[in-house]
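Student: sequence and predicted structure are below.
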There are 2 protein chains.
Amino acid sequence: MDVKAILADKRALVEEALKSYMLKAEGPLADHIAAMRYSLFAGGKRVRPILCLAVAEALGANPKPLLPLCCALECIHTYSLIHDDLPAMDNDDLRRGIPTNHKKFGEAAAILAGDGLLSYAFELLTLPELNATLPPADQVRIVHLVAKAIGPLGMVGGQALDLDAEGKAIPFEALRRIHRCKTGALITAAVQTGAIGGQADAQQFAALTGFGEHLGLAFQIVDDLLNVEGTTEQLGKAAGSDAARQKAAYPAFFGVEKTRAMAMEAVDAALAALGNFDQRADFLRELARYIYTRTT
Amino acid sequence: MDVKAILADKRALVEEALKSYMLKAEGPLADHIAAMRYSLFAGGKRVRPILCLAVAEALGANPKPLLPLCCALECIHTYSLIHDDLPAMDNDDLRRGIPTNHKKFGEAAAILAGDGLLSYAFELLTLPELNATLPPADQVRIVHLVAKAIGPLGMVGGQALDLDAEGKAIPFEALRRIHRCKTGALITAAVQTGAIGGQADAQQFAALTGFGEHLGLAFQIVDDLLNVEGTTEQLGKAAGSDAARQKAAYPAFFGVEKTRAMAMEAVDAALAALGNFDQRADFLRELARYIYTRTT
């Protein structure tokens, strides 16, 4: 299986959908919409939408009608990056190799671009055309689980914990909580959205939730490794910025070698969660392995 | 009808619901949740939740099961105030007579408190207990209309336009657009949420939407008047701040007397929209009149 080629295909599908579902920068609100589009189309990897599509496919579903949900997940991810980069937060100047949203449009416009993307995501999660594929009860379930994943006890809470922890010696359990909330929750929600979109039964839903949790952990550990080992050019943002900011991260707790082994363990646990799925889940399996290869 | 007494009763109902549905400030995320609660329980008038309840009652429905929706509307309103007050936006130090969220908790925490409240609102809009009263299709409809009302072409867009307009001479039509987006959209959405919650038919829904639009306009014109005429003590925020900031407002276009007449016209139009409703809509009617009395 050529995982890179399939990834590229799926990414193209997501890009096209984002272009078609995102508001156009025209009319009196052109500037505001342009600020949203700037970050949304800044070349993200589209991990969360691709996961959602791949999970639905692993269940034998046609994933294309789920594209509005995929776009919503990417809008949410983008909003979180814009707000995290703000001067009052991580104060980053570069993201994906280009100036961060507030560097380009100013702080007020960047806050509003984030707010706009977050609100728009819920418009996309309930787009009337979804009724043709998804029973309303499933749409409600998706809105609820996504809102929970990104809210005070999820992604936003994770960022709050992360900021509190800056410059402090925190125990490993606190780092795990930050990761689980800040990165893990939305990745798991993307998997769960694909699971509901693919009509998973209760057992499949539970297994896929486990897959998402382990994958989210692997993803975050690899991110920590890349932050230590990558160059600014590779990352599109300042390398070593976690250490410079005295942010706790896996390598600081365990060293690079042990951290790499822990990433592999998390990938293995993700694969194990897919034990009862047939070959239609093979791309999901490759995707999990591919995340690990980013470390080397 | 003692509109003040009924308002006080309904407000008490909303306060109780907010206390029961809002997260408690405990556990690792206690600080983040405390920041959300600080602004949520800072003594708001609860206009949007009360409107939602009153509209459902005007349709003969028991409004109590709709309280999670009311709380969601208030979370959204509160988030918008927290973000509008930020240094990068209106840079206000006082709100409802107490320090603004960022003055109390710092800028990063305030941004996240807003983000948390916005996300949490969508959790409340899809709370499983709603299934006992509201068909899932109605819940989806509510999420969609609320998201649209507060998104890039609604409330967030309105704030973007408002910031752009600061210090500029804008035509009246631009001011109308700012008001319609920034204040009108969420008020109309609150009315529409009550309409769907009260099982309005298509005709009733359209009439109530008109009511909400006119009421939102009246509300905003009165706000403009109070900003000119009220004292800082009455307002709980700096009086005359619109003029100081060179924000366009009705009195600057039309003078105080004409503006007051326009507020009355908007109230009359709101009342006319209720023409086909019976006496169960009397509290809604009184509420519309009551908004006008705030000007005098």
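Tutor: Arrived safely, thanks for sending.

Student: check contacts around A:V55.
Tutor: With contact set as Cβ atoms under 8 Å, 6 or more residues apart in numbering or on different chains, A:V55 has these partners: A:A190, A:V191, A:T193, A:G194, A:A195, A:G197, A:G198, A:L208, A:L284. For every residue, glycine as well, the C-beta is placed using N, CA and C.

Student: secondary structure element for it?
Tutor: Secondary structure from DSSP states H and E places A:V55 in helix A:47-58.

Student: and the very next helix or strand once past that helix, what's buried?
Tutor: Heading C-terminal from helix A:47-58, the first helix or strand you meet, by DSSP H and E, is helix A:67-85. Within helix A:67-85, the residues scored as buried using 16 or more other Cβ atoms under 10 Å in any protein chain shown are A:67-85.

Student: gap between the helix holding A:V55 and the chain center?
Tutor: In terms of Cα atoms, centre = their mean, to the nearest Å, the centre of helix A:47-58 is found 12 Å from the chain centre.

Student: now swap in stretch A:273-292 and tell me
Tutor: Relative to the mean C-alpha coordinate of its chain, stretch A:273-292 is positioned 18 Å out (Cα atoms, centre = their mean).

Student: now do the end-to-end distance for that stretch.
Tutor: End-to-end span of stretch A:273-292 (Cα to Cα, to the nearest Å): 17 Å.

Student: also stretch A:39-51?
Tutor: End-to-end span of stretch A:39-51 (Cα to Cα): 20 Å.

Student: buried ones in it, by neighbour count?
Tutor: Within stretch A:39-51, the residues scored as buried using 16+ other Cβ under 10 Å are A:S39, A:L40, A:A42, A:G44, A:R46, A:V47, A:R48, A:P49, A:I50, A:L51.

Student: need those residues in TSV (columns: distance to B:G216).
Tutor: Putting the buried residues of stretch A:39-51 into TSV (distance: Cβ to Cβ, whole Å) gives the following:
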residue	distance to B:G216
A:S39	31
A:L40	30
A:A42	36
A:G44	37
A:R46	38
A:V47	40
A:R48	36
A:P49	36
A:I50	41
A:L51	40
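
Student: just those residues: which has the poorest pLDDT?
Tutor: Lowest in pLDDT among the buried residues of stretch A:39-51 is A:G44, which has 92.

Student: that one: what's it in contact with?
Tutor: Applying Cβ under 8 Å, 6+ apart, we find A:G44 in contact with A:E74, A:H77, A:T78, A:R96.

Student: wait, the third one touches A:Y38, no?
Tutor: By that I understand A:T78. No: assessed by Cβ atoms under 8 Å, A:T78 is found out of contact with A:Y38, at 9.7 Å.

Student: in stretch A:82-97, what's buried?
Tutor: A:I82, A:H83, A:D84, A:D85, A:L86, A:P87, A:A88, A:M89, A:D90, A:D92, A:L94, A:R95.

Student: would you check which pair of those lies furthest apart?
Tutor: With Cβ to Cβ as the measure, no two of these lie farther apart than A:A88 and A:L94, at 17.4 Å.

Student: so A:Q203 versus A:A273, what's the distance?
Tutor: 12 Å (Cβ to Cβ, to the nearest Å).

Student: give me the more crowded residue out of the two.
Tutor: Taking other Cβ atoms under 10 Å in any protein chain shown, A:Q203 and A:A273 do not tie; A:A273 has more neighbours (22 against 9).

Student: OK, contacts around that one?
Tutor: The contact partners of A:A273, by Cβ under 8 Å, 6+ apart, come to A:A207, A:L208, A:G210, A:F211, A:H214.

Student: measure it to chain B for me?
Tutor: Per Cβ to the nearest Cβ, to the nearest Å, A:A273 is found 25 Å from chain B.

Student: cool, A:Y79 as well?
Tutor: For A:Y79 relative to chain B (Cβ to the nearest Cβ), the value is 8 Å.

Student: how about A:G44?
Tutor: Per Cβ to the nearest Cβ, A:G44 is found 19 Å from chain B.

Student: got it, and A:M262?
Tutor: 22 Å.

Student: now that residue: closest residue in space that isn't a chain neighbour?
Tutor: A:I221 (5.7 Å; Cβ to Cβ, 6 or more residues apart in numbering or on different chains).

Student: what mean pLDDT does the helix or strand encompassing that neighbour have?
Tutor: Using DSSP H and E, A:I221 sits in helix A:202-229. Throughout helix A:202-229, pLDDT has a mean value of 94.

Student: what about A:F122, how many residues nearby?
Tutor: For A:F122, using other Cβ under 10 Å, the count is 27.

Student: quick one: the strands in the stretch 51-200 of chain A?
Tutor: Here the stretch 51-200 of chain A has its strands, by DSSP state E, counting those that start in this stretch, at A:94-95, A:98-99.

Student: quick revisit: now the contacts of A:V55 in TSV, with neighbour count and distance to A:D268?
Tutor: Supplementary listing: the contacts of A:V55 in TSV, determined by neighbours: other Cβ atoms under 10 Å in any protein chain shown; distance: Cβ to Cβ, whole Å:
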residue	neighbour count	distance to A:D268
A:A190	31	21
A:V191	28	17
A:T193	31	24
A:G194	32	21
A:A195	27	21
A:G197	26	26
A:G198	24	24
A:L208	26	17
A:L284	23	14
